[in-house]
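> the sequence and its predicted three-dimensional model are supplied below.
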Amino acid sequence: MRELIRKLVETYGPSGVEEQIRAVIRAEVEPLAGELRVDPLGSLVVHKQGSPSAGSGQAGEGQCIVLDAHMDEIGVMVTYVDEKGFARFTRIGGVSPLTCAGARVAFADGTVGVIGVEEKREDASKTPKFEQLYIDVGATSRDDCPVHVGDAAVFVRPFVCMERAQGTRLIAKAMDDRIACAVLIETLRRLEHTPHDVYFVFSVQEETTLSGARTSTYGINPDLAIAVDVTGTGDKPECRPMAVELGKGPAVKVQDSGMIAHPRVRDLLVQRAKEADIPYQLEVLERGTTNAAAMQLVRAGVPSGCLSIPCRYIHTPSEMVDEGDVQNSVQLLLEVLRTA
Amino acid sequence: MILRELSEAVGVSGNEGDVRAVLLDAVREHVDDVRVDTMGNVLAFKHGTGRQRMRVMLAAHMDEVGLMVVGYDDDGFLRVRSVGGIDPRLLPGTLLQVGPEHTPGVIGVKPIHLLKKGEGEKVPKLEGLVVDIGAKSKDEARKLAPLGTYATFTTRFRELGPTVSGKAFDDRAGCAVLVELLRGERFRFDLHAAFTVQEEVGLRGARVAAYGIEPDCAFALEGTIADDIPKDKDVSPTTELGQGPAITVMDRSFIADRRLVNLLTSTAEELGIPYQIKQPGIGGTDAGAIHLAREGVPSVTVAVPCRYIHSPVALLRLDDFNNTVQLMRASLSRLTQRTLERGKD
């Protein structure tokens, strides 16, 4: 799975410009999928038809289930190119200026830029504002600047795999939410039989407006939806208290600031984890939300929940997950899908 | 021009009746069907000439920002709150028209003679302002302007050479562009025009209009921020007057569909129509609601740059207006289902 994860996290795909990452995912899932389509906003929808379980011979015992992982990542967008060829920018999704200074960003065509900070600030000890940052792509004037207003870039960091006796940690940009894309692809690969009609949705524009999952779910009209996404942890020095730790298993969401998980979905995940002896944790996230918040409000309402992969340093260029948690997430999803 | 009539019509969010009447008269003869939906949106329909059934939504909002009466002082002054985003710095001393009878009003202000030291530098809060309609008592004020009465600016439309000024160019400029498009030749696709309500208070009209229309793609037409007044730092003017229609790539409400952005920019470049990309990340438009309708609607926003929007008077270049109409017409003429086809990426 590591090579798959490397490929996914290192691909360019800020919200709204998901063509490249969609092509990478499409190449992975095409041989595995029954039916595959790209819906109006650009989400990739892969359908795995349910089949009656051996022995029962009865069709229609399963449910229509959406598994969602968003393929877009946070990034920045050029808002202005000044006379000297420096690009001012705004954020795409929840980027903090704190992680910007000195960071490198890459545009769709591979152009790389460095983020600089204005030196003449009133209080240099304070975190700069976005208006005080700029991207330097090595241009000397507006005319020779290779990037233009509206061009989007993502942070650049290589994928790192740290093998330790106590567990393997994976570090990269865009673990949010490519790690869940990897979990979905791996689940699809290993899912031989399911009584359910399962739609694997690789959705667009989560980081900005939760748009892709909302519209895809409308099109599919499922009985149940599960967003697979990263969540924060409470196991770092002087961090906000949170009862989720890296390496203690996938987290079953109870609630976050945008939604309360449907009890049926929450209990289903917990029950399957217990039955299969898969480690899991319960999660209450005080700040942030996922596509499940949008999916549960589609049409007449969709019972929705969230399977979270614990992740440190979310929305920085170095997001860290535990490989065991990732593998257990796949295992848990397989358990959910295999039985009625 | 229709922009004059639209600009001078009164239509604060939730009270778009006068603008609706102007628009119904303006488009009725040029469309195959026109109706008003439950929210008050004007929905006009024009058959396409092509064999393929493709539904394209063009939206412009009818409502403008304004004020609403929420209370009274014993002396007969009105207390107001804003409907949509208004900068209170612009209000003291402003003329208003209040209610359906266009009752004249003035936002009360202390004469400069009486200002205490430092008082002149303070920015007033909307909660502290009063509207004076000449009433002598609370009862009289209540009778002239019952609770919930709307008020707006009284600015007349004026021509200043290549430029025009007036109130409510956000979004009567977009409405006027849409009227011009409806008055022209048919397109290949079925055109669904929506003049929407309540954009300024949460993109509400567009949301139901898009659900009803169920379009294959959508264009929101706007009058947008031009911040090209002198600055002491080399930073973005958001948009500039005279540089042509402003195309949105991303704002606070949505990310534009790149295929539609490319259709617009390539059309502009081939035909030599000036255009600009609006500073990303600023503002929000009806496209924010439209792109979420049903299974999703690829959308983009095209706007006439306007200085001083959401104030008593805005200013736009007729060149920009005409180029917006021209760019939209040319781009729509090239729009087919193939524009929205996705290759294998």
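Cool, got the structure.

> elements contacting the helix ranked longest in chain B?
Identified as the longest helix of chain B according to DSSP state H is helix B:318-334. Judged by 3 or more C-beta pairs under 8 Å, 6 or more residues apart in numbering or on different chains; DSSP states H and E, helix B:318-334 is in contact with helix B:169-183, strand B:217-226, helix B:258-271, strand B:299-307. C-beta here means a position set from N, CA and C on the backbone, and glycine is covered the same way.

> now for those, which one comes closest to residue A:126?
Among the helices and strands packed on helix B:318-334, the nearest to residue A:126 by C-beta to C-beta is strand B:217-226 (27.8 Å).

> need the residues of chain B near chain A, please.
B:216, B:234-236, B:249-250, B:253-258, B:261, B:277, B:279-281, B:288, B:291-292, B:294-298, B:342, B:344-345 (C-beta under 8 Å from any C-beta of the partner chain).

> which of those residues are buried, as a ChimeraX select command?
With 16 or more other C-beta atoms under 10 Å in any protein chain shown as the burial test, the buried ones among the residues of chain B next to chain A are selected in ChimeraX as follows:
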select /B:216,236,249,250,253,254,255,256,257,258,261,277,279,280,281,288,291,292,294,295,296,297,298,345
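
> list the ones among the residues of chain B next to chain A that fall in strands.
residue B:277 (DSSP state E).

> any low-confidence regions in the stretch 1-150 of chain B?
Nowhere does the stretch 1-150 of chain B drop to pLDDT under 70.

> what sits against the residue in it that chain A sits nearest to?
Closest to chain A within the stretch 1-150 of chain B is residue B:55: 12.0 Å, counting by C-beta to the nearest C-beta. Taking C-beta atoms under 8 Å, 6 or more residues apart in numbering or on different chains, we find residue B:55 in contact with B:189, B:190, B:192, B:213, B:214, B:215, B:216.

> can I get those in JSON lines including pLDDT, distance to residue B:118 and secondary structure?
Below are these laid out as JSON lines (pLDDT from 0 to 100; distance: C-beta to C-beta, whole Å; DSSP: H, G, I helix; E, B strand; the rest coil):
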{"residue": "B:189", "pLDDT": "97", "distance to residue B:118": "61", "secondary structure": "coil"}
{"residue": "B:190", "pLDDT": "97", "distance to residue B:118": "62", "secondary structure": "strand"}
{"residue": "B:192", "pLDDT": "98", "distance to residue B:118": "56", "secondary structure": "strand"}
{"residue": "B:213", "pLDDT": "98", "distance to residue B:118": "55", "secondary structure": "helix"}
{"residue": "B:214", "pLDDT": "98", "distance to residue B:118": "58", "secondary structure": "coil"}
{"residue": "B:215", "pLDDT": "98", "distance to residue B:118": "55", "secondary structure": "coil"}
{"residue": "B:216", "pLDDT": "98", "distance to residue B:118": "59", "secondary structure": "coil"}
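
> and chain A, what are its domains?
Structural domains assigned to chain A are A:2-73+A:173-338, A:75-155, following automatic domain parsing.

> just the ones you listed: most buried one?
Between the domains of chain A, domain A:2-73+A:173-338 has the highest mean count of neighbours, a mean of 21, where neighbours are mean count of other C-beta atoms under 10 Å in any protein chain shown.

> where along the stretch 1-150 of chain B do the strands fall?
B:33-36, B:42-46, B:55-61, B:66-72, B:78-83, B:95-98, B:103-107, B:130-132, B:150-153 (DSSP state E, counting those that start in this stretch).

> distance of the residue nearest the centre of chain A from chain B?
The centroid of chain A falls nearest to residue A:177 when counting by C-alpha atoms, centre = their mean (1.6 Å). According to C-beta to the nearest C-beta, to the nearest Å, residue A:177 stands 17 Å off from chain B.

> circling back to that earlier point, quick check: the farthest pair among the contacts of residue B:55?
Largest separation among these by C-beta to C-beta: B:189 and B:214, giving 13.4 Å.

> one step back: just say which of the strands of the stretch 1-150 of chain B is most tucked in.
Counting by mean count of other C-beta under 10 Å, the most buried of the strands of the stretch 1-150 of chain B turns out to be strand B:55-61, with a mean of 27.

> and that strand, how far from the chain's centre?
13 Å (C-alpha atoms, centre = their mean, to the nearest Å).

> likewise for stretch A:297-313?
12 Å.

> rounded mean pLDDT for it, please.
Averaged across stretch A:297-313, the pLDDT comes to 98.

> that stretch vs chain B: in contact?
No - judged by C-beta under 8 Å from any C-beta, stretch A:297-313 stays clear of chain B, getting no closer than 9.5 Å.

> mind checking the SS state of residue A:324?
Using DSSP: H, G, I helix; E, B strand; the rest coil, the structure places residue A:324 in helix.

> surely it touches residue A:166?
No - the pair residue A:324 and residue A:166 does not pass the contact test of C-beta atoms under 8 Å, sitting 9.9 Å apart.

> shared neighbours of those two, anything?
Counting by C-beta under 8 Å, 6+ apart, the contacts common to residue A:324 and residue A:166 are residue A:247.

> name the nearest residue to residue B:106, ignoring sequence neighbours.
In space, and not counting its chain neighbours, residue B:106 is closest to residue B:132: 5.0 Å by C-beta to C-beta, 6 or more residues apart in numbering or on different chains.

> and the one you found, what does it touch?
Residue B:132 touches B:77, B:78, B:105, B:106, B:107, B:108, counting by C-beta under 8 Å, 6+ apart.

> quick one: stretch A:74-86 near chain B?
Yes - counting by C-beta under 8 Å from any C-beta, chain B is contacted by stretch A:74-86 at A:77, A:78, A:79, A:80, A:82, A:83, A:84.

> closest to chain B out of these?
When the residues of stretch A:74-86 next to chain B are compared against chain B (criterion: C-beta to the nearest C-beta), the nearest one is residue A:80, at 3.5 Å.

> residues contacting the helix or strand hosting the closest one, please?
Using DSSP states H and E, residue A:80 falls within strand A:75-81. Strand A:75-81 is touched from outside by A:14-15, A:87-93, A:95, A:100, A:105, A:135, A:139, A:142, A:145, A:147-155, B:235-236, B:249-250, B:279-281, with contacts defined as C-beta under 8 Å, 6+ apart.

> apply 6 Å and report the result again.
With C-beta atoms under 6 Å, 6 or more residues apart in numbering or on different chains as the test, strand A:75-81 has contacts from A:14, A:87-92, A:105, A:142, A:145, A:147, A:149, A:151-154, B:236, B:250, B:279-280.

> likewise stretch A:173-190?
Stretch A:173-190 is touched from outside by A:1, A:4-5, A:8-9, A:28, A:32, A:67, A:69-71, A:73, A:155, A:157, A:200, A:202, A:228-230, A:309, A:311, A:314, A:317, A:319, A:321, A:329-330, A:333-334, with contacts defined as C-beta under 6 Å, 6+ apart.
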